[in-house]
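Participant: Predicted coordinates and the sequence they were generated for:
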Amino acid sequence: MRKLVHCLLFVGLVAVFNPLKVAAQQQTILFASGQKTLSVSGKKQLDALVAQALPYYEVAGYTDSDGSEEQNLLLSQQRAAVVSDYLKGKGVASSAISLAYFGESQSINDNLNPQIKQQNRRVTVVGYPKIIQNLSEIAPPAQIFSFSPNQEIKFTEKNDIAVEIPADAFKTTSDAPINISFKNYSSKLEMILGSLSTTATDGGLLESAGMFALTALQDGKPLELQQPITYTFPKRNDSTDLDENGFGLYVGILTKGADG
C-alpha cells in the first residue's frame, strides 16, 4: 500500500472563464480566384460536417492578396456568407452559426505563386460537438461524507482511495456536523480548471495523471486542519502497469487495517 499524510487542507476554485469549445471538427473550403461560389467538392465537405449534427459552427472567410484590401474584405465576407447560407439550407439554425471575415489579413502563406495562393482563398468551418457554458459541466462530482467533530471516520471513495480522519481533526467552533467534500481529478483539463498542481523539492512543476481535493465545512464555513489525515492508495499490479502517458495506475480494492 502507498500512504500519504495530508497536513494541508485543499481549498476550492474561484474562476472566471469564457465558454469552452470541445473537440472541434474542421473543414477548409477553397474558392476560385475572385469567386464566391461553392464548388461541388466544397458542398460535399460541408455535407459531411452537417451530417455529424454538431450544435455549433464557426465560419470564417479569407482571400489571397490579389486586389485591394477593401475588395478582399468584402469578398471574404461574401464567401463566409455563402457557406453560412449553405449550412442554414441544410437545417443548421442561424443561432448555431458565428460568422467572421478577414480579407487578406490572415494569409497562411506568402502568396508568391498561383498554387499557394489558392490555399488562402478559403473559408474555414469549425464544428463543435459540445459547448461548455459552466464549470459544473466538466468538474468532477463531489463525494460528500458527513460526521460529528469528535468522531473518527474512515471511508473509501469511488476510486478506491481510503481516507482516515481522526477524531477532532479540525478546529471547530460548534458541535454541528462536519461535511467532507472529496473530488477526484482524473483528466488534465479537470486539474487545470481546479488549479491543482504538484511541485518537486526544487519548486519545479511535476506532471500528474490524476489528483484529488478534500474540503471540510461546518455550517457552510471551511475548517482548518489540526491533525493529519491519512490517505491510502490501492497497490499497483506491477511496474509495467502504466497508462498511455506512462503514468502508474493503481487498481484493485483497498483492504483497510491498522497497518494500512
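Facilitator: In hand now; what should we look at?

Participant: Now do the longest helix along the chain, average pLDDT.
Facilitator: In the chain, taking DSSP state H as the definition, the longest helix is helix 69-89. Across helix 69-89, the average pLDDT comes to 95.

Participant: if we look at that helix, which residues are touching it?
Facilitator: 29, 31, 34, 36-38, 42-43, 46, 50, 57, 59-67, 94, 97, 99-105, 123, 125 (CB atoms under 8 Å, 6 or more residues apart in numbering). C-betas here are computed from N, CA, C, even on glycine.

Participant: Buried residues, it. List them.
Facilitator: Within helix 69-89, the residues scored as buried using 16 or more other CB atoms under 10 Å are 72-84, 86-87.

Participant: and if you look at stretch 48-68?
Facilitator: By 16+ other CB under 10 Å, the buried positions in stretch 48-68 come out as 49-50, 54, 56-64, 66-67.

Participant: Can you classify Gln227 as helix, strand or coil?
Facilitator: At Gln227 the chain is in coil, as set by DSSP: H, G, I helix; E, B strand; the rest coil.

Participant: Could you count how many residues lie near the nearest residue to it once chain neighbours are set aside?
Facilitator: Excluding the flanking residues, the one nearest Gln227 by CB to CB, 6 or more residues apart in numbering is Ala169, at 4.4 Å. If you count neighbours by other CB atoms under 10 Å, Ala169 ends up with 23.

Participant: Would you agree Ala169 is in contact with Gln218?
Facilitator: No - look at Ala169 against Gln218 with CB atoms under 8 Å: they stay out of range, at 11.8 Å.

Participant: Where does pLDDT dip in this structure?
Facilitator: Low-confidence segments of the chain, defined by pLDDT under 70: 1-24, 130-140, 186-210, 235-260.

Participant: what about 50?
Facilitator: Filtered on pLDDT under 50, the chain yields the residue ranges 1-18, 23, 238-260.

Participant: That one: helices as residue ranges?
Facilitator: Counting by DSSP H, the segments of the chain that form helices are 40-50, 69-89, 114-117, 188-193.

Participant: any chance of those in a markdown table, with distance to Gln226 too?
Facilitator: As requested, the helices of the chain are exported to a markdown table (distance: least, CB to CB, whole Å):
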| stretch | distance to Gln226 |
| --- | --- |
| helix 40-50 | 58 |
| helix 69-89 | 60 |
| helix 114-117 | 68 |
| helix 188-193 | 28 |
